[in-house]
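# What follows is a predicted structure for the sequence shown.
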Amino acid sequence: MTTVSRARPSARCRALLALLSDYIDGMLPAGQLDLVETHCLGCDRCRRMVSSLRRTVALCRAAGRTPMPTAAERRARARVRTLLEHVDADKPPGPRRRRNT
């Protein structure tokens, strides 16, 4: 059984989070690609995260794709940006009220 550290991820690990989607999608420029791959060679936590994200993306793609309404996609992208901006904060952003659409 693998032991998972509960310690706060390093600043380098947290910075890697912002690159993971583009990394998984093969969209990173060579310099950033090398940065992610080199980091993951020495960081078990990030290597497991990349592996898990790859499996999740593969499962989602295999499940089929239903087009997301444009407004919902915009809200989801904005929420992800907000979450990434708060990675270094001591507490996550508070709950958001649901808008009537």
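Looks like it came in fine.

# drop to CA atoms for contacts and neighbour counts, all remaining ones
Noted.

# shaky segments in the chain?
Scanning the chain for pLDDT under 70 picks out 1-6, 64-65, 87-101.

# try 90
1-18, 21, 57-69, 72-73, 80-101 (pLDDT under 90).

# That one: helices as residue ranges?
11-17, 20-24, 30-42, 44-62, 70-85 (DSSP state H).

# quick one, the third one and helix 44-62 angle?
Spelled out, it's helix 30-42. Relative orientation of helix 30-42 versus helix 44-62 (axes from the mean of the first three to the mean of the last three C-alpha atoms, to 10 degrees): 120 degrees.

# and residue 54, how many residues sit next to it?
If you count neighbours by other C-alpha atoms under 10 Å, residue 54 ends up with 17.

# Go through stretch 66-84 and flag the buried ones.
residue 84 (16 or more other C-alpha atoms under 10 Å).

# just stretch 22-35 next, same as before
Quick answer for stretch 22-35 (16+ other C-alpha under 10 Å): 23, 28, 33.

# Out of those residues, which is nearest to residue 60?
Nearest to residue 60 among the buried residues of stretch 22-35 is residue 23, at 16.7 Å by C-alpha to C-alpha.

# quick one: the nearest residue to the closest one once chain neighbours are set aside and residue 42, what's the gap?
Counting by C-alpha to C-alpha, 6 or more residues apart in numbering, residue 23 lies nearest to residue 33, which is 6.7 Å off, once chain neighbours are set aside. Using C-alpha to C-alpha, to the nearest Å, residue 33 is found at 15 Å from residue 42.
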